[in-house]
Structure formats: structure tokens, C-alpha cells
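Peer 1: sharing a sequence plus its predicted fold:
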Amino acid sequence: MNWETLQQTLRQLVREKRGAQAEIARRRGISTASVAAYIAGGNAIPAEHLDTILEILGLEFELGGLARRGPLAPENLTHTDAAVANMASVGEFGVSGVRAMRPQDFAVLVLGDGPSAHLPDEVSAYLYRARACMAYAGFYFPFLSVGAGQLGLAAEAGLRTFAEQAGIPVRQSNGRSIGMSSLIDRLSNQGHLTAQQTLQWRAILDNRNELFHPKNAPVFSLGLVMPYLTGITEALVALFPAPFEDLPS
């Protein structure tokens with residue numbers, strides 16, 4: 001069902017439900033004439049009125065499949081970003097159910113189970129913000145890159161916290177922060193990072209630097225960001241293992 005068909009269906013249902021137009025006007029704080037204008041078909045139904053109309057009609061409708069056309073605007077704020085709509089998602093019925101991806105499908109991929117609760121508060125906050133930004137990329141795809149930037153902050157916060165706990169200074173004598181590259185060297189040289197962890201953190205640093213110093217302000221793809229998310233989360237959990245009592249039995 002496209003947007004035009006949906007509007008026609010809603011108009012018909014509102015006309016059939018006694019008092020519905022007056023109730024929409026009351027809840028939205030507008031005149032009944034304004035509601036009548038779009039119910040009659042002269043105007044498009046405002047996107048911000050959809051929830052009210054559906055609630056009055058006692059209906060639920062999946063709006064995530066509406067793909068945005070043209071630039072982001074108030075009236076299409078909750079439409080699926082075209083970049084996401086062009087991706088494929090396997091539906092409930094297996095391969096035969098392949099369909100255009102919706103924001104909900106996109107959010108399932110990036111939210112997952114979320115970061116571990118035992119991580120330091122600052123690290124958890126950055127990870128939560130990163131996943132939230134990436135989840136909203138279903139509506140505005142560049143949020144994927146914003147979320148990736150937050151992942152870089154989570155990585156830096158985690159490495160600095162780990163270094164402090166290991167007794168390694170994170171600031172110079174003049175108060176300036178010691179760079180991540182130097183911290184990785186010191187942690188590795190003093191045996192706080194394994195050889196594999198050292199390689200992993202150097203790869204994370206390279207990706208982080210690319211995000212903070214983009215050459216052409218790139219918009220990252222899902223295929224690039226998901227491994228970055230997984231890698232940073234795994235690296236942080238390795239630095240801060242779950243307490244024994246929190247491990248599943």
C-alpha cells in the first residue's frame with residue numbers, strides 16, 4: 001500500500017466513523033474545517049496527524065515502509081530513508097519473504113542486545129548513544145556515520161579508563177591528554193594488552209582517525225559500520241570482563 005492509497009483508506013474510514021472528524025480536531029487543537037479539508041481530499045493528511053487518526057479509528061498500521069522522496073522535511077520525517085528501503089530484508093516466511101527493509105528491520109541489526117551493563121558508565125553511555133544514532137539511520141541514513149563517531153569516543157573512553165586502572169598516566173605534565181597511539185604502546189609494552197589486542201586496538205584507532213579526519217566527509221555503509229561496532233564492543237568487553245557472579249550459569 002502506497003501513501004496515496006493509505007490516505008484514501010483513512011479518509012473513508014474517518015467519514016464512516018461518527019464524530020471522528022470532530023475528535024481529530026479536538027485532539028490536534030485545530031478547527032473541524034481544517035480536518036474536513038484533508039478528509040475531503042483537497043489537502044494531504046498531515047503526517048503528524050496519523051497517530052491521532054489511527055488511535056481514534058482503533059487501528060494499527062505499519063508506516064515504516066513509506067520511503068522518503070526528496071529531501072528530509074517535517075512531513076516525511078518518519079518515512080524510511082531511501083538508502084534503507086533499497087536494502088533487502090528477509091521477512092517472517094524465510095527467503096520467499098524478501099522485502100524492502102524498514103527502519104524496524106534496520107534497528108534490529110544495530111541494536112542487538114546492547115552493550116554489557118558492567119562496562120564503565122562513560123563507555124556504556126557512548127555505546128548506547130552510538131547504537132541509538134545508528135538505529136535512527138533507518139529514517140536518516142547519515143546517522144549511521146554519526147553513530148560510528150560515537151563508537152570512536154566509546155573506544156577512547158574505554159582505553160583511557162583501562163590505562164588509569166593499570167596505573168598508566170593518561171595526561172602529560174602540562175595537563176594535555178596522551179594520544180591513544182601512545183597509550184596503546186604503553187599498555188602493550190607493560191603487558192596489559194596481548195599481541196592480538198594490540199593489533200585490534202591499532203585497527204580501531206585507524207578507523208577512529210578516519211572518522212574524525214574524513215577526507216571527503218564519507219557516509220559510511222552498514223557493511224563498514226557493523227564490523228566496527230562488533231569489533232569495538234568485543235575489544236571493550238575484553239578490557240572489562242564481566243564479574244564472575246554476572247556470568248550466565
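Peer 2: Cool, the structure landed.
Peer 1: quick check: Ala44 touching Gln8?
Peer 2: No. Applying Cβ atoms under 8 Å, one finds Ala44 not in contact with Gln8, separated by 11.4 Å. The way it works is simple: take the backbone N, C-alpha and C, and place the C-beta from them, glycine included.
Peer 1: got a pLDDT number for Ala217?
Peer 2: In this model, Ala217 is scored at 54, pLDDT.
Peer 1: try Leu159
Peer 2: 96.
Peer 1: neighbours of it, how many?
Peer 2: 23 (other Cβ atoms under 10 Å).
Peer 1: how close does it sit to Ser182?
Peer 2: Distance, Leu159 to Ser182, using Cβ to Cβ, to the nearest Å: 11 Å.
Peer 1: how about Pro103?
Peer 2: Applying Cβ to Cβ to Pro103 and Ser182 gives a distance of 41 Å.
Peer 1: who has more neighbours out of the two?
Peer 2: Set Pro103 next to Ser182 and count neighbours by other Cβ under 10 Å: Pro103 wins out with 22 against 14.
Peer 1: quick check: closest non-adjacent residue to the more buried one.
Peer 2: Of all residues not flanking Pro103 in the chain, Gly138 sits nearest, at 2.8 Å (Cβ to Cβ, 6 or more residues apart in numbering).
Peer 1: mind listing the strands for the protein?
Peer 2: For the chain, the strands defined by DSSP state E cover 88-90, 98-100.
Peer 1: ok, of the ones you listed, where does mean pLDDT dip lowest?
Peer 2: Comparing mean pLDDT across those, the weakest is strand 88-90, with a mean of 61.
Peer 1: for the lengthiest helix in the chain, list the C-alpha coordinates in PDB.
Peer 2: Under DSSP state H, the helix in the chain containing the largest number of residues is helix 143-165. Below are the C-alpha coordinates for helix 143-165, written out as PDB (Å, rounded to 0.1, in the frame of the first residue of the first chain):
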ATOM      1  CA  PHE A 143      23.000   9.000  11.400                       C
ATOM      2  CA  LEU A 144      25.000   5.700  10.700                       C
ATOM      3  CA  SER A 145      28.200   7.800  10.400                       C
ATOM      4  CA  VAL A 146      27.200   9.900  13.500                       C
ATOM      5  CA  GLY A 147      26.900   6.700  15.400                       C
ATOM      6  CA  ALA A 148      30.200   5.400  14.200                       C
ATOM      7  CA  GLY A 149      31.800   8.600  15.500                       C
ATOM      8  CA  GLN A 150      30.300   7.900  18.900                       C
ATOM      9  CA  LEU A 151      31.800   4.400  18.800                       C
ATOM     10  CA  GLY A 152      35.200   6.100  18.400                       C
ATOM     11  CA  LEU A 153      34.500   8.100  21.600                       C
ATOM     12  CA  ALA A 154      33.500   4.900  23.400                       C
ATOM     13  CA  ALA A 155      36.700   3.200  22.400                       C
ATOM     14  CA  GLU A 156      38.800   6.200  23.600                       C
ATOM     15  CA  ALA A 157      37.000   6.400  26.900                       C
ATOM     16  CA  GLY A 158      37.400   2.700  27.500                       C
ATOM     17  CA  LEU A 159      41.100   2.700  26.700                       C
ATOM     18  CA  ARG A 160      41.800   5.700  28.900                       C
ATOM     19  CA  THR A 161      39.800   4.200  31.800                       C
ATOM     20  CA  PHE A 162      41.700   0.900  31.400                       C
ATOM     21  CA  ALA A 163      45.000   2.700  31.400                       C
ATOM     22  CA  GLU A 164      44.100   4.600  34.600                       C
ATOM     23  CA  GLN A 165      43.200   1.400  36.300                       C
END
